[in-house]
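**Student:** The following comprises the amino acid sequence and a computationally predicted model.
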Amino acid sequence: MKKNVLLLILLLGLNNISLFGQNNNVANRIIKVDYNKEQGKMNTMFKECIGAGRANEGLRADWQQQLAMVKKECDFKYIRMHGLLTDDMAVYREDSKGNPQYNYQYIDVLYDYILSIGMKPFVELGFMPNALASGKETIFWWKGNVTPPKDYKKWEDLIKNLTQHFTERYGAEEVKTWYFEVWNEPNLSPGFWSSTQEEYFKLYDYTARAIKSVNKDYKVGGPATAGAAWIPETIDFCTKNNVPIDFISTHAYGVRQGFLDEFGGTGTVLSKDEFSVSGEVINSRKQISNSAKPNLELHYTEWSTSYTPADPIHDSYHSAAYILQKIKQVGNAANSMSYWVFTDIFEEPGPRFTPFHGGFGLLNTQGIKKPAYFSYSFMNKLGETELQNIDKASWATKNEKGDVQLLFWDFTYTLPEKINNQEYYIKDLPSKSKGEVTIKVDGLKKGNYTLEIYKVGYKINDSYADYLAMGRPSQLSIEQVKSIKQKNNGAPVSTEKITIDASGFFSKSYKINENDVVMLNFVKQ
């Protein structure tokens, strides 16, 4: 019996040595930067564009209030959405003789607001007005018509008239800064397009020429495909037929099967591929570089962990580190990476019945900030100049005031085998230790600093954990919303005063857990 006990103790001891060794390896992670060693201007493609569900939702007061906050704290430049030409925007009809009638009052209200808060539209041209449609196939609860036009001349006239309207209302110099994207995910047929690739290229041809007929400097592109598809084919078509194209747009999601599932019924699984999403972006850039038009801009106008608005990974703290990991991996391969979407005010499957339901948004319907939100608000705090840094899961920057910012994270894939996102990410998921990260900063200016420390992780700026702790109520009271918002407001988790002496050196180690995100902000006094 004693021998067995001794053996058990010995085995446990060996096991602890092994575990300690693993933590020691992680604890050896050192992020070392020098204030005077610059990498160059910080690449801010992550905040060039953000997605939203559909145009008509942008007429809602709560949608607009949330967008204003997102603009202020994350500073997105453009916003892209579906349904600009769908019937609930009242853009197109025909009289009894078949003559077109145009109306842009709803679009004007929406675009006036977007511009008023310092953002710009990334104009997705779709879906087909019913009076102009060749068929009755639709998508989503709000029934966006996905058929080609019954008359391409009438479609061309609509696009030309709309573009002229934008020019008259906002001025050519403003509209030159916009992007016009033709349709959405036409490679998903049936789904977003009822016809063929050849028919999409015909639609693209008519649309691009209509826009350029108003002003040759207006930017038009596509094919806005799912899964990074049709890029060589689109460039080849435009080259051979002398069709204008200024940028390539496409989409990628981090799950390993499927493309279209509004209700999350198929059971999505986060890909284990280290370069899921980012590898597709890098490959798209290679396809452009190897084409007849190697200098085209590349815009990923949708991306996220998962393509369904019923995936709890969107609500989980795991998403925060995932977003940063992918943005870092992409580097300068894309001109923009538009996260899909900023808010759960999003009705593809119809209005949702619970406050947290795996929606795409950085914010839930009540405007509660999810962990993913802080990836963007923290990145927006980074300085204008990036510092040299060999660590692959961090950025170090400085600004003109002499402040230094260091954003670092751990992304660990924790999804077990034979279980899907919908089963796993709805659980309480405590994070395990990943040891320590030692921060070493040289070259700091002598003097006093306030060191602000921000964090996202398990039960830290983790609104979904608070929702779970409440018992996942189907509705939230005013008090519950206020409580969750106050607890998850992104304020520093700690603030301390530090003094940098003549050596200009700072060093400190910080504990880190799986999927933690940590930001240090050295504010010069």
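**Tutor:** Thanks, I have the structure now. Residues are numbered from 1 along each chain as shown.

**Student:** Find the residue at the geometric middle of this structure.
**Tutor:** Y339 (1.5 Å; CA atoms, centre = their mean).

**Student:** roughly how far apart are that residue and F346?
**Tutor:** According to CB to CB, to the nearest Å, Y339 stands 13 Å off from F346. In this view, the C-beta of every residue, glycine as well, is placed from N, C-alpha and C.

**Student:** returning to what we had before: who's in contact with the residue nearest to the centre of the chain?
**Tutor:** By CB atoms under 8 Å, 6 or more residues apart in numbering, the contact list for Y339 reads I50, G51, W303, S304, I323, L362, A372, Y376.

**Student:** at 10 Å instead, please
**Tutor:** Applying CB atoms under 10 Å, 6 or more residues apart in numbering, we find Y339 in contact with 46-47, 49-51, 74, 76, 300, 302-305, 323, 326-327, 360-362, 372, 375-376.

**Student:** cool, and F237?
**Tutor:** Q197, E198, Y200, F201, K202, Y204, D205, P223, W230, V243, I245.

**Student:** For the last one, grab the count of nearby residues.
**Tutor:** Each residue near I245 was counted by other CB atoms under 10 Å, and the total is 20.

**Student:** Could you give the average pLDDT over the one helix or strand Q405 maps to?
**Tutor:** Using DSSP states H and E, Q405 sits in strand 404-409. The average pLDDT for strand 404-409 rounds to 98.

**Student:** next helix or strand past it?
**Tutor:** Using DSSP H and E, the next helix or strand after strand 404-409 towards the C-terminus is helix 421-424.

**Student:** next SSE after that next one?
**Tutor:** For helix 421-424, the following helix or strand on the C-terminal side (DSSP H and E) is strand 433-442.

**Student:** Just checking the distance from that next one to the centre of its chain.
**Tutor:** With CA atoms, centre = their mean, to the nearest Å as the basis, strand 433-442 stands 28 Å off its chain's centre.

**Student:** any idea of the pLDDT on the residue nearest to the centre of the chain?
**Tutor:** For Y339, the model assigns a pLDDT of 98.

**Student:** If it is in a bridge, with which residues?
**Tutor:** I50, W303 (DSSP bridges).

**Student:** Domain parsing of this structure, as residue ranges.
**Tutor:** Domains of the chain are assigned by automatic domain parsing as 29-41+386-524, 45-384.

**Student:** gap between the two ends of the last one?
**Tutor:** Between the start and the finish of domain 45-384 there is a gap of 13 Å, counting by CA to CA, to the nearest Å.

**Student:** Neighbours of the nearest residue to R54 once chain neighbours are set aside, how many?
**Tutor:** The shortest distance from R54 to any non-neighbouring residue, by CB to CB, 6 or more residues apart in numbering, is to G83 (3.5 Å). G83: 24 surrounding residues under other CB under 10 Å.

**Student:** likewise the one 3 residues further on?
**Tutor:** Number of residues near T86 (other CB under 10 Å) recorded here: 24.

**Student:** give me phi/psi at it?
**Tutor:** Main-chain torsions, T86, degrees, to the nearest 10: phi -70, psi 160.

**Student:** K286 too?
**Tutor:** Dihedral pair for K286: phi -60, psi -40, per degrees, to the nearest 10.

**Student:** so what's it up against?
**Tutor:** Residues in contact with K286 (CB under 10 Å, 6+ apart) are I231, A333.

**Student:** Pop out the phi and psi values for G40.
**Tutor:** Here G40 shows phi and psi, under degrees, to the nearest 10, equal to phi 140, psi -170.

**Student:** what about the nearest residue in space to it that is not next to it in sequence, neighbour count?
**Tutor:** What sits nearest to G40 in space, not counting adjacent residues and going by CB to CB, 6+ apart, is E386, at 6.1 Å. Counted with other CB under 10 Å, the neighbours of E386 add up to 19.

**Student:** Bridged to E386, which residues?
**Tutor:** With DSSP bridges as the rule, E386 is bridged to G40, T397.

**Student:** For it, which residues are in contact?
**Tutor:** Counting by CB under 10 Å, 6+ apart, E386 touches V33, E38, Q39, G40, K41, M42, N43, W395, A396, T397, K398, Q405.
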